[in-house]
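Colleague: I'd like to go over a predicted model; first the sequence, then the structure.
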Amino acid sequence: MKHFLNTQDWSRAELDALLASARHMKLDQKSRLGELLKGRPLEGKSIALVFFNPSMRTRTSFELGAFQLGGHAVVLQPGKDAWPIEFNLGTVMDGDTEEHIAEVAKVLGRYVDLIGVRAFPKFVDWAYDRQDIVLKSFAKYSPVPVINMETITHPCQELAHALALQEHFGTTDLRGKKYVLTWTYHPKPLNTAVANSALTIATRLGMDVTLLCPTPDYVLDERYMGWAEQNVAESGGSLIVSHDIESAYRGADVVYAKSWGALPFFGNWEPEKPIRDQYKHFIVDEAKMALTNNGVFSHCLPLRRNVKATDAVMDSPQCIAIDEAENRLHVQKAIMAALVGRDS
Ligand code: CP
């Protein structure tokens, strides 16, 4: 049994196959008829979507994707409309949690064919959060495949992003493109998941990647920097870290923006805030985009306009954030079909 927890666990050939399948799903979706003629690979199958955090795109695209493939999705929000879950082993459960993941995952596995999990960090202790305990516990106890719907990485977003770039450039070969992952300001310290994922997939696809961030404190966790270096060694691309906005943007083919809190301050955010506040000028604006090679801009969304990127950038023809969001639907259909579809 195979899970979809991180793209790094899947071979390049498997990822290419998922992207090709997503392209077919997208064509079928556009013609509608194609899907009916081809049959419905999730006919009679179901997926539990377990959300510990809010979502707009992920929930909508998974629910609709399952439906469009003939399957059914059930949404559960532990602590809201489902019982709060305990993840630690050996805990005397006399606090707020009502049942243990060992039972939750096994019971869900008797009902459904797939489980999707969204569980952001608790933002208190990175040493704890970087273990990805919620996702790994589901994968450990579940008798059916588990899909990461964003924890400390966001692999579904990675594939949607990759597909949008391949569509924009009209080729599946993105080697030689200059890719800038730029940190941007946000009033709150955010999760590094999408940044970890962007770094992973951009290097996996062999691009020349620049991680642009204000100071060394904003460099990503060593695990993801390590994955990126490993990918560069295998793909022939490159990876540099820069704190210089102008040189990073100059000649870029792709600008991908994300905000995140500095890991050395994880759980101690008060002293990080005045530091972060000094870097509001990292906003993606027309002047910076003018330095690029007519570069394309994207973001995972949701995005605070005129904080992370200006209206002019968001409304420009170079912005492919909506295409990327649409692609969530198609890549997730490909993932679900690959994991438990009739021909899987
Ligand atoms: N990009 C993304 O995962 O969006 P949601 O948080 O709305 O699901």
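Modeller: It's in.

Colleague: make it CA atoms for all contacts and neighbour counts henceforth
Modeller: Fine.

Colleague: low-confidence ranges in the stretch 101-250 of the chain?
Modeller: Within the stretch 101-250 of the chain, not a single segment meets pLDDT under 70.

Colleague: tell me the strands in it, going along the chain?
Modeller: Secondary structure of the stretch 101-250 of the chain, counting by DSSP state E, counting those that start in this stretch: strands at 114-118, 146-148, 178-183, 208-212, 238-242.

Colleague: Please parse this structure into its domains.
Modeller: The chain breaks down into these domains under automatic domain parsing: 7-153+328-339, 157-324.

Colleague: What's the end-to-end length of the longest one?
Modeller: In other words, domain 157-324. In domain 157-324, first residue to last residue: 8 Å (Cα to Cα, to the nearest Å).

Colleague: and it, does that touch the ligand?
Modeller: Yes: residues of domain 157-324 contacting the ligand under Cα under 6 Å from any ligand atom: 300-301.

Colleague: could we number from 17 for the rest of this?
Modeller: I'll keep to 17 as the first residue from here, and by that count the last item is domain 173-340.

Colleague: Just give me how far that domain sits from the chain centre.
Modeller: Domain 173-340 sits 13 Å away from the centroid of its parent chain (Cα atoms, centre = their mean, to the nearest Å).

Colleague: ok, now the shortest one?
Modeller: Offset of domain 23-169+344-355 from its chain centre (Cα atoms, centre = their mean): 12 Å.

Colleague: first vs last residue of it, how far apart are they?
Modeller: Domain 23-169+344-355: ends 14 Å apart by Cα to Cα.

Colleague: quick one: that domain near the ligand?
Modeller: Yes: using Cα under 6 Å from any ligand atom, domain 23-169+344-355 reaches the ligand at 71-74.

Colleague: As TSV, the residues you listed with pLDDT and secondary structure would be great.
Modeller: Listed next are the residues of domain 23-169+344-355 next to the ligand as TSV, based on pLDDT from 0 to 100; DSSP: H, G, I helix; E, B strand; the rest coil:
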residue	pLDDT	secondary structure
Ser71	98	coil
Met72	98	coil
Arg73	98	helix
Thr74	98	helix
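
Colleague: Give the buried subset of these as a PyMOL selection command.
Modeller: The buried residues among the residues of domain 23-169+344-355 next to the ligand can be selected in PyMOL (16 or more other Cα atoms under 10 Å) with this line:
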select buried, resi 73+74
